[in-house]
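>>> Structure of the sequence below:
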Amino acid sequence: KMKRKNGSSFYGELRGNITMNNGNITGTQGMIRDVTDRKVSEEKLHSIHIQQKLVADILRMSLVDNGLNEKLANILDLLLDMPELGLQKKGAIFLAEDQTLFMATSRNLSDSVNHDCSHIPFGECLCGMAALSGKIEFSDSLDERHTTYYDGIQPHGHYCVPILAGRTTIGAINLYVNEGSQRNETAEHILTAVADVISGVIKHNSAKEMLLSSEALLQDAQRLAMIGNWEWNLEKQSLTWSDEIFRIFGVEPRSYQPSVEAFEATIHPDDLEDFLRQREQMLAENQSASIDHRIILPDGEVRYVQERTQLIIDSQGKIISVVGTVQDITDRKLAEKAIRESEEKYRLITENAGEAILVAQDGMIMFANEMSCQITGYSMSDLSSKPFIDFVHSDDQEMVFQRHKKRIQGEHIPNRYEFRLMTRDRDARWVAINAVLTTWDDKPATLNLITDITDQKRAEDELAKSERRYLAMVDQSPIAYEVYDKDGLQMKVNT
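Numbering: from 1, shown residues only. Below is the predicted model:
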């Protein structure tokens, strides 16, 4: 993470090397590329994936026919096993009654904590404060809000997350973090979503309530995961939507009767033809389908959705209806687009560079740009098919190999040097290499920038030959030839 002159920050990707002269460091060279969009997109995409997977796992657990405390214990185990949240492997979940939190389940807490925190009045300690305020309480240490102490207590911090039903606190989640941990907005977003699902589990726990409110629980999960379900009855030509589909399409649930025609009218004009083609193929081939397309909301906003279908076939083999889900995947699509654009910019830079760019690892060429092929005359597959040292002139192979080996081992050696490459036509070409240590697939490698200096070398040779011929001609001239410096001292005479 870096800062600009105006104080704003951005993510930068730095590639650089040290320049040396006679074994001494003379400076550094480097290139910084702004990868903020890519990093933000990757983090957002990862956060969305974590949240949706966690919600789906909790939903599955909630449908198992077991007691509430066992459900909560399983949910707590899920949270504690998520490294992305940065939690210690201990915590507790509380249920609320009469303005008091009662510990329902815990993991890896000492007997002292289980006893002293078995019931906590609203407003006391961090969990009670979260229950009273209805907001997450975070601490990075044992500060003044932490009022429960016992012998042998170790430094730590907490996330205390209220479990709400509307504006009423019905429980709390208490999770441990290491002392000095930073408050994480992504983690809090995920924990809030989990608390919402736990709220549904608590409200609908009894067998009777679970049966009566399974649809409401499903709607809660669908709202959190932005997934709705639908059914298209082919015999009646009727279409039914869950409430979440209405929300995805930007309207109030059940504000109108959905129809195939109304649905098709929401599809982006550029996607409609392909959508209809895939739907017809699905019906003709009696196969389920997954279709991504854009929709246009009433306010003009364009969103991306993914349709997944399942055919319902009667005993005669006739399709009687199609059921499926629609999920809002806009954030994922935009994140993927940002990553593609970032990769395309990098590709354009490497493919249009005026010098060869190679990545070498374990003795092989792992990446090569187009200029590498032009200089050597080999194809991409040729360059990656055998050890890179095979492309080096036999007189220079030992020197090139040893320098590559030492660089991989972290030794400080000159980044720039010259050697000869052998082209596909067995022509020896002089090149200048500028090599730095990097990583490729989490393993040490070298990034090598190679410039063809054959013409430069030939020009230098011709200049040296010309100078030698001139000096020989002057030396053999019958005319006296003398050279003096600015102080009048004689520097050279011919014979």
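
>>> what ranges of the stretch 201-350 of the chain fall below the confidence cut-off?
Residues of the stretch 201-350 of the chain that meet the criterion pLDDT under 70 lie in 204-225, 349.

>>> So which residues of it form helices?
Along the stretch 201-350 of the chain, the segments classed as helices by DSSP state H, counting those that start in this stretch run 207-212, 214-225, 243-248, 260-266, 269-285, 330-351.

>>> which of the residues in the fourth one are buried?
Buried residues in helix 260-266, counted by 16 or more other CB atoms under 10 Å: 263, 266. All C-beta atoms are positioned from the backbone trio N, CA, C, and that covers glycine.

>>> Does that helix pack against any helices or strands, and if so which?
Here helix 260-266 touches helix 269-285, going by 3 or more CB pairs under 8 Å, 6 or more residues apart in numbering; DSSP states H and E.

>>> For the stretch 1-150 of the chain, just list every one of the strands.
Secondary structure of the stretch 1-150 of the chain, counting by DSSP state E, counting those that start in this stretch: strands at 2-3, 9-10, 12-21, 24-34, 91-97, 100-107, 119-121, 137-139.

>>> avg pLDDT for the second one?
For strand 9-10, the per-residue pLDDT values average out at 82.

>>> so how far is residue 194 from residue 187?
10 Å (CB to CB, to the nearest Å).

>>> hang on, I meant residue 128
20 Å.

>>> now the end-to-end length of stretch 259-274.
20 Å (CA to CA, to the nearest Å).

>>> likewise stretch 90-101?
First residue to last in stretch 90-101 (CA to CA) measures 18 Å.

>>> That one - what's its average pLDDT?
94.

>>> That one: how far from the chain's middle?
Distance, stretch centre to chain centre, for stretch 90-101: 36 Å (CA atoms, centre = their mean, to the nearest Å).

>>> Would you mind listing the buried residues in it?
Buried-residue list, stretch 90-101, by 16+ other CB under 10 Å: 90, 91, 92, 93, 94, 95, 96, 101.

>>> which one of those is nearest residue 348?
residue 91 (48.2 Å; CB to CB).

>>> Surely that closest one touches residue 175?
Yes - Residue 91 is within contact range of residue 175, at 4.3 Å (criterion: CB atoms under 8 Å).

>>> what about residue 232, neighbour count?
19 (other CB atoms under 10 Å).

>>> Give the full set of residues in contact with it.
Listed by CB atoms under 8 Å, 6 or more residues apart in numbering, the contact partners of residue 232 are 238, 239, 260, 321, 322, 323, 324.

>>> Quick one, which of the strands of the stretch 1-150 of the chain gets closest to residue 201.
Per CB to CB, nearest to residue 201 of those: strand 91-97, 10.4 Å.

>>> Identify the contacts common to residue 91 and residue 175.
79, 80.

>>> just the strands in the stretch 301-450 of the chain please.
According to DSSP E, counting those that start in this stretch, the strands that the stretch 301-450 of the chain contains are 302-313, 319-328, 356-361, 364-368, 416-422, 428-440, 443-452.

>>> then the fifth one to CSV, C-alphas only?
Taking only C-alpha atoms (Å, rounded to 0.1, in the frame of the first residue of the first chain), the coordinates of strand 416-422 have been written out as CSV:
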residue,chain,number,x,y,z
ARG,A,416,23.1,-6.3,-15.8
TYR,A,417,25.6,-8.2,-17.9
GLU,A,418,26.1,-9.3,-21.5
PHE,A,419,26.2,-12.7,-23.1
ARG,A,420,25.3,-14.4,-26.4
LEU,A,421,22.1,-16.1,-27.2
MET,A,422,21.7,-18.8,-29.9
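
>>> if we can go back for a sec, take the strands of the stretch 1-150 of the chain and lay them out in a markdown table including distance to residue 420.
Compiled in a markdown table, the strands of the stretch 1-150 of the chain are given as follows (distance: least, CB to CB, whole Å):
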| stretch | distance to residue 420 |
| --- | --- |
| strand 2-3 | 39 |
| strand 9-10 | 42 |
| strand 12-21 | 22 |
| strand 24-34 | 24 |
| strand 91-97 | 64 |
| strand 100-107 | 65 |
| strand 119-121 | 76 |
| strand 137-139 | 62 |
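
>>> Burial-wise, tell me which of those strands comes out on top.
Sort the strands of the stretch 1-150 of the chain by mean neighbour count, taking mean count of other CB atoms under 10 Å, and strand 91-97 sits at the top with a mean of 22.
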